[in-house]
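K.L.:
can you look at this prediction? I've put the sequence above it.
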Amino acid sequence: MMVTMPKNQRATATAASLALLAFSLTACIDDDPNITPDGAPAASAATVTITATADNFPVTVDNCGTQVTLNQPPERVVTIKSTPTELLLALGLEDKIVGWAFQDDPVPEQWTQAAAAIPVLSEGVPSQEAVLALNPDFVYAGWESNVSDQGAGSRDSYAALGIATYVSPSACKEPGYQPDPLTFADVWGEIEELGRLFGVEAAATSLVEEQRTELAAIAPVQNVTAFWWSSGEDTPYAGAGIGAPQMIMDAAGLTNVLADVHDTWASVGWEELVATDPDVIVLVDASWNSYDKKLADIAAHPALQAMTAVKEQRFIRLPFAATEAGVRNVDTVKAVVDQTRAMGLGG
């Protein structure tokens, strides 16, 4: 049996239950969110590293303020959003996924074969009835809103049915749980925590070490400013100072023109964008607001034609799923660096 305990019930956990948690927690707190000179990512205040054994069940984690307890590794998982699906694929857990929904992009080529047999539950957020029809024991969501009354059903409702729910910690919004700022240590912390929840700690450790090595090998660009346009037409919705876009730009060496906006995303007027005059513009290629559509919007806006990035056609193209916190972020840093240098910028 798997149980998700809402935060208002946390105080009722017994001492006996807590005694079963055979893991150690090391809090990693660092005031500097940036990548350190030797290439190792600095830890955020919310980062927790867990040391575990393969048979360490039951397992309890505090997930966005909801206590999640698993008595055994999940066997029937529904994923909502691309990032949870891709993390499980990266850990070799495709046989545990009984259905996926709300996938932002096709999975990367290295996981195409593994994902081929996974049933598509819905193009958008599924109904709770559709999720329950698959008889899951674990629902893994990329956003908190995915497991709400307005989404696929609330976490409390799944808990009442004995179904565990888990939200990507990078998407937590509750005070004390939202990464501020998000760092690669947070992204890797989720990988390690999922390794523990699914009993595949060795695979998780290997994946994190591989990503640490790959990130350390990337030489950041220098002296390049950037504006990150995720979505929005009349008013751009842009990457601000504490979310995944900032984390990726920091690692790539770009200076975000909205770095001083203390939020994950921010709405920005076109006039404000013109005033920043960034060297490059990152255009996120999403199915609902594509790269080509963004280019057309830029071309149709007279005021933007005076911008350096527009005059020089300096645009970086990134797939949406690679720009949310997840296993593709290191590759995204490399893509940003490569595309920037291909423009003759950054040294």
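P.N.:
Great, that's in hand.

K.L.:
now do residue 126 against residue 152, distance only.
P.N.:
Separation of residue 126 from residue 152 (Cβ to Cβ, to the nearest Å): 5 Å. Placement of C-beta: from N, CA and C, glycine included.

K.L.:
before we move on, what about residue 135?
P.N.:
Residue 135 is 15 Å from residue 152, by Cβ to Cβ.

K.L.:
of those two, which one has the most company?
P.N.:
residue 152 (29 against 10; other Cβ atoms under 10 Å).

K.L.:
so that one sits in a strand?
P.N.:
No: read with DSSP: H, G, I helix; E, B strand; the rest coil, residue 152 is coil and lies in no strand.

K.L.:
relative to the whole chain's centre, how far out is the longest strand along the chain?
P.N.:
Determined from DSSP state E, the single longest strand within the chain is strand 224-231. The chain centroid and the centroid of strand 224-231 are separated by 18 Å, computed with Cα atoms, centre = their mean, to the nearest Å.

K.L.:
so which elements touch the helix or strand that it is followed by?
P.N.:
Following strand 224-231 in sequence order, the next helix or strand is strand 237-239 (DSSP states H and E). Here strand 237-239 is seen to pack against strand 224-231, helix 244-252, strand 265-267 when contacts are counted using 3 or more Cβ pairs under 8 Å, 6 or more residues apart in numbering; DSSP states H and E.

K.L.:
and the pLDDT for the residue of the chain most remote from its centre?
P.N.:
Relative to the mean C-alpha coordinate of the chain, counting by Cα atoms, centre = their mean, the farthest residue is residue 302 (34.8 Å). With respect to pLDDT, residue 302 has a value of 93.

K.L.:
before we move on, the earlier item: what angle do the longest strand of the chain and helix 244-252 make?
P.N.:
Orientation of strand 224-231 against helix 244-252 (axes from the mean of the first three to the mean of the last three Cα atoms, to 10 degrees) gives an angle of 150 degrees.

K.L.:
buried residues in strand 224-231, which are they?
P.N.:
Applying a neighbour-count criterion of 16 or more other Cβ atoms under 10 Å, one finds 224, 225, 226, 227, 228, 229, 230 buried in strand 224-231.

K.L.:
any chance of a markdown table for these, columns distance to residue 110 and pLDDT?
P.N.:
Below are the buried residues of strand 224-231 laid out as a markdown table (distance: Cβ to Cβ, whole Å; pLDDT from 0 to 100):
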| residue | distance to residue 110 | pLDDT |
| --- | --- | --- |
| 224 | 29 | 98 |
| 225 | 33 | 98 |
| 226 | 28 | 98 |
| 227 | 31 | 97 |
| 228 | 26 | 97 |
| 229 | 28 | 96 |
| 230 | 25 | 94 |
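
K.L.:
from those residues, pick the one nearest residue 70.
P.N.:
Comparing those against residue 70 with Cβ to Cβ places residue 230 closest, at 33.6 Å.

K.L.:
neighbours of the residue nearest to the closest one when sequence neighbours are not counted, how many?
P.N.:
Distances taken as Cβ to Cβ, 6 or more residues apart in numbering put residue 284 closest to residue 230, at 4.6 Å, once the chain neighbours are dropped. Residue 284: 25 surrounding residues under other Cβ under 10 Å.
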